[in-house]
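1. Sequence first, then the predicted structure, then my questions.
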Amino acid sequence: MPNPQELKNKIEKNLPSSIVEIIDERDDGMHYKAVVKSGKFKGKSLVEQHRIVLDILKEDFKNGSLHSLSIETREK
């Protein structure tokens, strides 16, 4: 299971200049919330913004190391 810092680092690496906060919503290491602010979201729909984040973490979902993630995105 990735820890919050690993998720944060992965998103920030793929979205330079972003501001990322990862919250363990149930304090169980399985249910996370990602709050991501990025200039890359400018002009994109909410669905497109979420897809950008999900694409960054797709391997974590695919291999089962990430179970649940809610996403909140904002333009920076």
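-> Cool, got the structure.
2. Do a quick rundown of the strands in this structure.
-> For the chain, the strands defined by DSSP state E cover 19-24, 31-38, 68-75.
3. Strand partners (parallel or antiparallel) of the second one?
-> Looking back up the chat, that one is strand 31-38. The strands beside strand 31-38 in its sheet (DSSP bridges) come out as strand 19-24 (antiparallel), strand 68-75 (parallel).
4. List the buried residues of the shortest one.
-> By 16 or more other CB atoms under 10 Å, the buried positions in strand 19-24 come out as 20, 22. Where C-beta positions appear, they are placed from N, C-alpha and C, glycine not excepted.
5. now Ile11, nearest residue through space, not along the chain?
-> Val20 (4.8 Å; CB to CB, 6 or more residues apart in numbering).
6. where does the protein have low pLDDT?
-> Low-confidence segments of the chain, defined by pLDDT under 70: none present.
7. For it, which segments are assigned as helices?
-> For the chain, applying DSSP state H gives helices covering 4-14, 46-56, 58-62.
8. Tyr32: which of those is closest?
-> Evaluated over these, closeness to Tyr32 peaks at helix 4-14, with 6.5 Å, by CB to CB.
9. for the closest one, which positions count as buried?
-> By 16+ other CB under 10 Å, the buried positions in helix 4-14 come out as 4, 7-8, 10-12.
10. Which of the residues you listed sits closest to Val53?
-> Ile11 (6.5 Å).
11. for the strands of the chain, which one ends up most surrounded?
-> Burial of those is given as mean neighbour count (mean count of other CB atoms under 10 Å); strand 31-38 ranks first at a mean of 19.
12. quick revisit: verify the contact between the residue nearest to Ile11 and Val35 for me.
-> Yes: applying CB atoms under 8 Å as the test, Val20 and Val35 come out as touching, 7.2 Å apart.
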